[in-house]
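Peer 1: Build the 3D model from these lines:
(chains A and B)
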Amino acid sequence: EAGVTQFPSHSVIEKGQTVTLRCDPISGHDNLYWYRRVMGKEIKFLLHFVKESKQDESGMPNNRFLAERTGGTYSTLKVQPAELEDSGVYFCASSQGGLAGGVEQYFGPGTRLTVT
Amino acid sequence: DAKTTQPNSMESNEEEPVHLPCNHSTISGTDYIHWYRQLPSQGPEYVIHGLTSNVNNRMASLAIAEDRKSSTLILHRATLRDAAVYYCILKRWGGTSYGKLTFGQGTILTVHP
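Peer 2: Have a look, this model is predicted:
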């Protein structure tokens, strides 16, 4: 079974440009999450989709970030316009359905974003 | 979010057991204890989780104190592949943020051949 995949693996853009990151969760997983680690900091939660709906977007840093999950399958995270402080590694994760706290999340390899 | 405290780093020799401690004195009754690890250049990987009782799986064991204010992840025989950052995370059951994982600094485990 394929794991969580992310594209691209690495992106280098200039400040002010737009970048779109893509995540394909494990097939059948209703829950999809975005996290990021900026340089020298801890991994931070960004948001959580249940199917196509945003369950929790409390971690989204500002309105330059837009996440979508049309059709409840893959998700995109757009940063527009990108700023230097957006550089870091963006992780996507997915999990099966359920409200229990015991549901494990499967992470992708991450997209390394560099804003110059 | 309830906070966890872990040592910054630990070292072990290959083939020996490793006990990774975690303190979570403000844990609430609806918090599950999760452990994830992150190998170099990879995304985090689920290791194990528990609520009150000790748990075993193919990767590790989780020992939870009776008062639930601390736990220990046990790797029974460390291998070089176990060198990673280990995160102890409290994950709340229910509520809007039930899916959120709050990562701390974690423990950097070094395994010597």
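
Peer 1: What segments of the chain are strands?
Peer 2: I'll assume chain A. Along chain A, the stretches classed as strands by DSSP state E are A:5-7, A:10-13, A:19-24, A:31-38, A:44-50, A:53-56, A:65-68, A:75-79, A:88-95, A:106-107, A:111-115.

Peer 1: other chain: chain B
Peer 2: Taking DSSP E as the criterion, chain B carries its strands at B:9-13, B:18-23, B:31-38, B:45-50, B:55-56, B:61-64, B:70-75, B:84-92, B:107-112.

Peer 1: Redo those strands as TSV? Include mean neighbour count, mean pLDDT and distance to A:Asp86.
Peer 2: For glycine as for every other residue, the C-beta is placed from the backbone atoms N, C-alpha and C. As requested, the strands of chain B are arranged in TSV below (neighbours: other Cβ atoms under 10 Å in any protein chain shown; pLDDT from 0 to 100; distance: least, Cβ to Cβ, whole Å):
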stretch	mean neighbour count	mean pLDDT	distance to A:Asp86
strand B:9-13	14	97	29
strand B:18-23	19	98	31
strand B:31-38	23	95	21
strand B:45-50	19	95	25
strand B:55-56	15	96	38
strand B:61-64	19	98	36
strand B:70-75	20	98	33
strand B:84-92	23	95	23
strand B:107-112	17	98	26
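
Peer 1: Throw those strands into a markdown table and include distance to chain A, thanks.
Peer 2: Converted to a markdown table, these look like this (distance: least, Cβ to the nearest Cβ, whole Å):
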| stretch | distance to chain A |
| --- | --- |
| strand B:9-13 | 16 |
| strand B:18-23 | 15 |
| strand B:31-38 | 4 |
| strand B:45-50 | 4 |
| strand B:55-56 | 10 |
| strand B:61-64 | 12 |
| strand B:70-75 | 14 |
| strand B:84-92 | 5 |
| strand B:107-112 | 13 |
